[in-house]
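Chemist: quick check, what structure comes out for this input:
(2 chains)
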Amino acid sequence: MFWAQRMLVRRRRWLRPEEFAELLGLCQFLPGPNVINLATVLGEGYRGLPGAVAALAGLLLLPMLIVIAIAALYARFGAFGPVPGVFAGVASAAAGLALALAGHVARPVIRQRPATSLPVIAAAFVAVGLLRWPVAWTLFVLAPVSIALVWRRSA
Amino acid sequence: MTAGTLVELARVFAGVSLLGFGGMNTVLPEIHREAVDIARWITDRQFADLYALSQAEPGPNSFIATLIGYQAAGVAGAVVSTMAVCLPPAALAYLVARVWGRIRGTAWRAAIQAGLTPVMVGLMASSAFILIRAADHSAAAFAVTAATAALAYTTNINPLWVFAVAGLLGAAGVF
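Modeler: Modelled structure (predicted):
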């Protein structure tokens, strides 16, 4: 997303910064990878369906080929010599990155609405992280509760 | 590899794609449940490895689906999984973009978004927990996770530098 912002706003100047922020708001409202949503919405805005398809193809095809090559290398050499050691190190670092990401997203939410957000965060963590319940069930139960809490607060 | 595996990959990744409000990190627990616990396409260890790869390579981090698809069913599995994880949200984005002007300023839209966020934070914390359990089996590994989390939380460091250091430590046999 960092690179998308840099290219679309600063280099190509296809979008003004506030337009980019507006689009990002839409993409974060939708499920799925944000960059994919951004490409779809932007392509749709320029040329309708063909634009959306072109933007998606441009975003996905070449990286997908590269990733398939990486996957093949991993399958072939993943257990070879020092490779498992390297992966052990990088995987531990990546897990730390995921933890930092959760912290970054959590901070403003907890600051703004501690009373409504903390119980919901804890419930989602217990259900999915500890009890390993399916994400879909957890979402169907917790999301309406959480939305209702926000709604009552703001009403 | 069978056609059945491809159908399963499509079902799993299309399913999680529409649950991930706020990016792939919110559905990693579901991907882990399906790919490691149920279908056994990959091991816990491989899950941690492939997640790391998906963070280190170029492109959207939805490529965790591509990597798991390849492990399960080769190139066909990789292509099917990528399409399954990208196309349903893209179709939804296409439809919503056309009515976004009418719903974006409404109070219910803001309430839905504000209400979903804490659930997503809980899911992201679950993802981190599952990844740590899969990746860390020694004190040194936990230390790398903790140091990376602290660095990434407090600074704007490019994660690739941290990956390089952690990879070198791993190559030296620290873990």
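
Chemist: pull out the buried residues from the lowest-mean-pLDDT helix or strand in chain A.
Modeler: In chain A, no helix or strand scores lower on mean pLDDT, DSSP states H and E than helix A:2-5, which sits at a mean of 71. Within helix A:2-5, the residues scored as buried using 16 or more other CB atoms under 10 Å in any protein chain shown are A:Ala4. (Each C-beta comes from the backbone N, C-alpha and C, glycine too.)

Chemist: domain-wise, how is chain A divided?
Modeler: According to automatic domain parsing, chain A comprises the domains A:1-88, A:99-155.

Chemist: compare the mean pLDDT across the ones you listed and name the weakest.
Modeler: Sorting the domains of chain A by mean pLDDT places domain A:1-88 lowest, at a mean of 85.

Chemist: if we can go back for a sec, turn the domains of chain A into JSON lines, including distance to B:Ala39.
Modeler: Output for those, formatted as JSON lines (distance: least, CB to CB, whole Å):
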{"stretch": "domain A:1-88", "distance to B:Ala39": "17"}
{"stretch": "domain A:99-155", "distance to B:Ala39": "14"}
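
Chemist: so which of the ones you listed gets nearest B:Gln46?
Modeler: Across the domains of chain A, B:Gln46 has its closest neighbour in domain A:1-88 (7.7 Å, CB to CB).

Chemist: and the helix or strand harbouring B:Ala111, is it in reach of chain A?
Modeler: Counting by DSSP states H and E, the element that carries B:Ala111 is helix B:107-135. Yes: Helix B:107-135 reaches chain A (CB under 8 Å from any CB of the partner chain) through B:107-132, B:134-135.

Chemist: quick one, the following helix or strand past that helix and helix B:107-135 angle?
Modeler: The C-terminal neighbour of helix B:107-135 among helices and strands, as given by DSSP H and E, is helix B:139-154. Between the axes of helix B:139-154 and helix B:107-135, defined by axes from the mean of the first three to the mean of the last three CA atoms, to 10 degrees, the angle is 150 degrees.

Chemist: and helix B:139-154, what's buried?
Modeler: B:140-149, B:151-153.

Chemist: what's the angle between the next helix or strand along the chain from that helix and helix B:139-154?
Modeler: Moving toward the C-terminus from helix B:139-154, the next helix or strand (DSSP H and E) is helix B:159-171. Relative orientation of helix B:159-171 versus helix B:139-154 (the same axes, to 10 degrees): 170 degrees.

Chemist: of the domains of chain A, which is nearest B:Leu169?
Modeler: domain A:1-88 (8.5 Å).
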